[in-house]
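*Asks:* Quick one: sequence plus predicted model below, questions after.
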Amino acid sequence: MIDKTIATAAAAVADVHDGATILLGGFGTAGLPTELTDALVARGARELTIVNNNAGNGDTGLAALIGAGCVKKIICSFPRQADAWHFEKRYRAGELELELVPQGTLAERIRAAGAGVGAFFTPTAYGTDLAKGKETRRIGERDYVLEMPIHADFALIKAHRADRWGNLTFRMTARNFGPIMATAARCTIAEVDEIVPLGQIDPESVVTPGIFVKRIVRVRHAPQSV
């Protein structure tokens, strides 16, 4: 019987090794798998490369990972904001490497990894510091930059509902990067609000098929379906 349910967030991330590359879902705090990130902090993971839209908010989730010294490098689009003080402190101290990627390019680099695309050209960032050291090419009447896919060891995402096979649905804007991240990692772990019996999710409503998901864990504060 296929059952991808894991009892606790700690057990779900127990094999996340030091030095791993992790795709971390979320747009700010929307869709951020906070319990999974808290479990990584508690486990003491180190030297992680994190791929996320931003660089953490306040003192929880990704910010907690950065503040605890778990993160060696972050690949993101929006590292600086009013409540990104953990990133600011570590980056200014030279303790955190930053790779800045335009948001659309970031999404496409992740999607390309899941789709098996070797690389792609985009005009975004041409002529800026972000294009330095990258191949460029003129196609038609525009200049383009060659961008590489972002593959990861793990994807940690938050979904709304799952069945034991790992089929996922998402809640409104909390969906954001989750579906493409699930396809681009060797091991996708989903933190979910609710686990329902097989057949209760309409196949037409499934956003991420279970084939892309290795583990699911229900968050503690959500009600459990029977």
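*Replies:* Now that the structure is in, tell me what you want to look at.
*Asks:* How about the longest helix seen in the chain, which residues are buried there?
*Replies:* The longest helix of the chain (DSSP state H) is helix 103-115. Applying a neighbour-count criterion of 16 or more other C-beta atoms under 10 Å, one finds 105-114 buried in helix 103-115. C-beta coordinates here come from the backbone N, C-alpha and C atoms, glycine included.
*Asks:* any idea where the strands of the chain begin and end?
*Replies:* Here the chain has its strands, by DSSP state E, at 21-24, 48-51, 71-76, 97-100, 120-122, 136-139, 142-147, 152-162, 168-169, 185-195, 215-218.
*Asks:* May I have the strands that pair with the fourth one, each with its orientation?
*Replies:* Based on DSSP bridges, the strands next to strand 97-100 in the sheet, each with its direction, are strand 71-76 (parallel).
*Asks:* Counting neighbours, which bits of the strand it pairs with end up buried?
*Replies:* For strand 71-76, by 16+ other C-beta under 10 Å, it's 71-72, 74-76.
*Asks:* Relative to residue 40, how far out is residue 205?
*Replies:* Using C-beta to C-beta, to the nearest Å, residue 205 is found at 30 Å from residue 40.
*Asks:* ok, the spatially most central residue of the chain to residue 152 distance?
*Replies:* The chain has residue 24 as the residue nearest its centroid, 2.2 Å off, counting by C-alpha atoms, centre = their mean. Per C-beta to C-beta, residue 24 is found 9 Å from residue 152.
*Asks:* Find the residues that touch each one of those two.
*Replies:* 51, 181 (C-beta atoms under 8 Å, 6 or more residues apart in numbering).
*Asks:* Under the pLDDT cut-off, which ranges of the chain? List them.
*Replies:* 220-226 (pLDDT under 70).
*Asks:* Provide the backbone phi and psi angles at the nearest residue to residue 118 once chain neighbours are set aside.
*Replies:* Here the nearest residue to residue 118 in space, its sequence neighbours aside, is residue 149; by C-beta to C-beta, 6 or more residues apart in numbering that works out to 7.3 Å. Per-residue torsions, residue 149: phi -70, psi 160 (degrees, to the nearest 10).
*Asks:* Just give me the neighbour total for residue 149.
*Replies:* 18 (other C-beta atoms under 10 Å).
*Asks:* Residue 105 is in contact with that one, correct?
*Replies:* No. Applying C-beta atoms under 8 Å as the test, residue 149 and residue 105 come out as separate, 11.1 Å apart.
*Asks:* tally of neighbours for residue 119?
*Replies:* 11.
*Asks:* on that earlier part again, name the residue in residue 205 and residue 40 with the higher neighbour count.
*Replies:* The neighbour count for residue 205 versus residue 40, taken as other C-beta under 10 Å, is higher for residue 40 (27 against 11).
*Asks:* Can you give me the distance of that one to residue 96?
*Replies:* Residue 40 is 16 Å from residue 96, by C-beta to C-beta.
*Asks:* cool, and residue 132?
*Replies:* 20 Å.
*Asks:* didn't residue 24 look like it was pressed against residue 66?
*Replies:* No. If you go by C-beta under 8 Å, residue 24 and residue 66 don't touch, sitting 11.1 Å apart.
*Asks:* For residue 174, which residues are in contact?
*Replies:* So residue 174 contacts 30-31, 158, 160 (C-beta under 8 Å, 6+ apart).
*Asks:* buried subset of those?
*Replies:* Buried among the contacts of residue 174 by 16+ other C-beta under 10 Å: 31, 158, 160.
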